[in-house]
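> fold the following and give me the result.
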Amino acid sequence: MPHWKLILAYDGTPYNGWQIQPHLPTIQGTLASAIHRITGETVLPQGSGRTDAGVHALAQVASFALRVPIPGPNLHRALNRALPPSIRALSVEPVPEDFHARHSARRKTYEYRIFAGDRICFPMLAPWVWPCRVSLDLPTLQRAAAHVLGTHDFSSFAASDPDLAARTAKHAVIDRDDPPPAPKSSTSPVFADLGDPAQPSQNTRTIFRSSWSQQDDLLIYKVTGSGFLHHMVRNLVGTFVEVSAGRIAANEIPTILSARDRGAAGPTAPASGLFLVNVEY
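The predicted model follows:
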């Protein structure tokens, strides 16, 4: 059976996330329907992570197998004709049958984009950022972000119940993968490999990069990790914004991590600013 790897870009605004749900538009369901129209086969493509409602992707990876052979360029063209404009197949390539978009992944990178300050956010930009009215300080954000580098139990940054997780947002990213073995990395200020904790838990993850930058009117948080918990990136961003606003001290981040308590961290940032940007295998 031919096995395929897709790289997808999508605007998550009109979808109820990646994972297929009855009677609701999802990325996985829309992709499965497009494959069925092209080939007549019913498959459930597997994604590298289950992004939730309102979350976007610049390079989501999906894999699936077909019974009948089809040239890759033909499949690529047919997919982009069958998919809606909000989902694009950037590439299609054959892979070995043991390749799995989620289980084979080793690192993932997310970006979170904030349009900060008391300014008007144009409607052409608003669906893809967090229009945060707070004035944010880049050096303070950087100091806070550096504290999560390395291997930690991130229970304090994982959603524990729907009411708590929805304090500032209606939607969330879901990416609850088992953490793979952590490869080595450099030890620059935004890259680290700090070893394993003495007693890793099911919520232990390794963060290799955690940094903020400014690009024109946007503040952008980029994080690379071995895997991410439910709401983890958005809860990190919400906490870093609290630090910049002066409601949490940057040096309190290690204490928040040690607490292993969602209530110790800041609120959940909205889904609209989050992008899955890269998956490494």
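
> CA only for contacts and neighbour counts going forward, please
Fine.

> what sits against the nearest residue to Ala105 once chain neighbours are set aside?
Spatial nearest neighbour of Ala105, excluding adjacent residues (C-alpha to C-alpha, 6 or more residues apart in numbering): Tyr281 at 4.7 Å. Residues near Tyr281 by C-alpha atoms under 8 Å, 6 or more residues apart in numbering: Ser104, Ala105, Arg106, Arg107.

> same deal with Ile27?
Taking C-alpha under 8 Å, 6+ apart as the test, what Ile27 contacts is Gly12, Tyr15, Asn16, Gly17, Trp18, Gln19, Ile20, Ile87.

> what is the nearest of those to Leu141?
Using C-alpha to C-alpha, Gly12 is the member of the contacts of Ile27 that lies nearest Leu141, at 26.3 Å.

> helix or strand for the closest one, which one?
For Gly12, there is no helix or strand it lies in under DSSP states H and E.

> what pLDDT does the model give it?
Gly12 is assigned a predicted lDDT (pLDDT) of 96.

> how many residues are close by it?
26 (other C-alpha atoms under 10 Å).

> quick revisit: the contacts of Ile27 into a markdown table, with extra columns for secondary structure and distance to Gln28?
As requested, these are exported to a markdown table (DSSP: H, G, I helix; E, B strand; the rest coil; distance: C-alpha to C-alpha, whole Å):
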| residue | secondary structure | distance to Gln28 |
| --- | --- | --- |
| Gly12 | coil | 12 |
| Tyr15 | coil | 10 |
| Asn16 | coil | 10 |
| Gly17 | coil | 8 |
| Trp18 | coil | 5 |
| Gln19 | coil | 6 |
| Ile20 | coil | 5 |
| Ile87 | strand | 11 |
